[in-house]
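Novice: Sharing a model that was predicted from the sequence below.
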Amino acid sequence: MKNILITGGAGFIGSHVIRRFVNKYPDYKIYNLDKLTYAGNLENLTDIEKAENYEFIKGDIVDSKFIDKLFAEKKFDAVIHLAAESHVDRSITDPMAFINTNIIGTVNLLNAAKNIWKDNYEGKLFYHISTDEVYGSLGKEGLFLETTAYDPKSPYSASKASSDHLVRAYHNTYKLPVVITNCSNNYGPNQFPEKLIPLSINNIKNNKPIPIYGKGENIRDWLYVEDHASAIDTVFHNGNAGETYNIGGKNEWKNIDLIKVLCKVMDRQLGRKEGDSEKLITFVKDRAGHDMRYAINCSKIENELGWQPSVQFEEGIDKTVRWYLDNEEWLKNIISGDYEKYYRKQYS
Ligand code: NAD
Ligand code: DAU
């Protein structure tokens, strides 16, 4: 039995990774460590919460004493580290939460792994999940490669870049076996409705304005979340220590074009007249320092490890809308708390 620590497993991507590992690998004991911030939600995992090879631990990665004790007790063989503050807009209003969790939290986990594994690294792995935003912003041309120089532009991306550097430094200095992946924008079920796609779905459903920053010309490369989970599975089992792999959907969309597609899907699934939802599109004040374009070259993971995105965007967006419409209770529970306060502050 291998003991695997997955951090941030109650969040969006983490919950898909946890479900995949718990169901697919009965010989792994999966520990989900999560602080349950506003973004963490155990309702994402009700289907597997009673599995014998799964245990939830509530805790904060910023608390180094707690982390050291946990590593001493559980004797983890590997760490898949997803816990983070993840929303760019929140990093603009409250950078310190990002510095604490994304940088200090990551170093606490690195220290605990290094100390407990004590240079005997046979069969051990520290897998750090990162983002394409560390590479900065592209113009019309070009793609991010693993060798692209880091140029983060927001407090969020700078905190993730910092954590990536620290993970590499622990590999170089202490030989800690690490692997890093940098992924593009994910979409799919269970994403907190502060991010563009679920926020727009929720607003369209409730006939509220869809807030598009600036002119809606910024471009993102979208990947269905289960494809990210399958890439993480591939890299965890076959990636080479010390390496970085980019993960992307080869699926670039201008925000405004993506929202128009989403509006059509919503009209169809809600039985509205085509064009009804588009009327809700509202251009609002741009995000400060808004990165223009992200686009990933993921040929390294494709060629070396044989992973490829499998879900076409039309299928993925259809499934995503269906999930949000079928899971009204999940959405209702989220937007009934502090969400309204956040929304008013961000969009008023
Ligand atoms: P999320 O915000 O949905 O979930 C983050 C989870 O981490 C939550 O469950 C939260 O409770 C937990 N958490 C936060 N602070 C913590 C702390 N101090 N201690 C313990 N747990 C804590 O995020 P997500 O979108 O699922 O992203 C997961 C990871 O993937 C992040 O590292 C993010 O940078 C990275 N990533 C996200 C995307 C994307 O499009 N969402 C793309 C590429 C990379
Ligand atoms: O690229 C990977 C990153 O993708 C991850 O590392 C981040 O954790 C994740 O949040 C995401 O960052 P973005 O800033 O790209 O995602 P977001 O959904 O916030 O915004 C997508 C685009 O839509 C971006 O250009 C900003 C724009 N936008 C967003 C919101 C919330 C709007 O126009 N209106 C909005 O209300």
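Specialist: It's in. Residues are numbered from 1 along each chain as shown. Ligands and ions are numbered 1, 2, ... in the order given.

Novice: Off-centre distance for stretch 302-321?
Specialist: Between the centre of stretch 302-321 and the centre of its chain there are 15 Å (CA atoms, centre = their mean, to the nearest Å).

Novice: and it, C-alpha only, in PDB?
Specialist: Extracted in PDB, the C-alpha atoms of stretch 302-321 (Å, rounded to 0.1, in the frame of the first residue of the first chain):
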ATOM      1  CA  GLU A 302       2.500  14.200 -25.700                       C
ATOM      2  CA  ASN A 303       5.700  12.900 -27.200                       C
ATOM      3  CA  GLU A 304       7.500  11.700 -24.000                       C
ATOM      4  CA  LEU A 305       4.600  10.400 -21.900                       C
ATOM      5  CA  GLY A 306       1.800   9.700 -24.500                       C
ATOM      6  CA  TRP A 307      -0.800  12.000 -22.900                       C
ATOM      7  CA  GLN A 308      -3.300  14.000 -25.000                       C
ATOM      8  CA  PRO A 309      -6.400  16.000 -24.300                       C
ATOM      9  CA  SER A 310      -9.400  13.800 -25.100                       C
ATOM     10  CA  VAL A 311     -12.500  16.000 -24.600                       C
ATOM     11  CA  GLN A 312     -13.500  18.300 -27.500                       C
ATOM     12  CA  PHE A 313     -14.600  21.700 -26.300                       C
ATOM     13  CA  GLU A 314     -18.200  21.400 -27.700                       C
ATOM     14  CA  GLU A 315     -18.600  18.200 -25.700                       C
ATOM     15  CA  GLY A 316     -16.900  19.600 -22.600                       C
ATOM     16  CA  ILE A 317     -18.900  22.800 -22.400                       C
ATOM     17  CA  ASP A 318     -22.200  20.800 -23.000                       C
ATOM     18  CA  LYS A 319     -21.300  18.500 -20.100                       C
ATOM     19  CA  THR A 320     -20.300  21.400 -17.900                       C
ATOM     20  CA  VAL A 321     -23.500  23.300 -18.400                       C
END
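
Novice: Buried residues, that stretch. List them.
Specialist: Neighbour-count burial for stretch 302-321, counted by 16 or more other CB atoms under 10 Å, picks out E302, L305, W307, P309, V311, F313, G316, I317, T320, V321. C-beta: built from backbone N, CA, C; applies to glycine.

Novice: Between these, which sits nearest ligand 2?
Specialist: T320 (12.9 Å; CB to the nearest ligand atom).

Novice: In contact with K215, which residues are there?
Specialist: Residues near K215 by CB atoms under 8 Å, 6 or more residues apart in numbering: I256, F283.

Novice: Next, find the distance separating it from Y25.
Specialist: Going from K215 to Y25 by CB to CB, to the nearest Å gives 46 Å.

Novice: What of V284?
Specialist: 44 Å.

Novice: Looking at those two, which one has more neighbours?
Specialist: Neighbours per residue, other CB atoms under 10 Å: of V284 and Y25, the larger number sits with Y25, 16 against 13.
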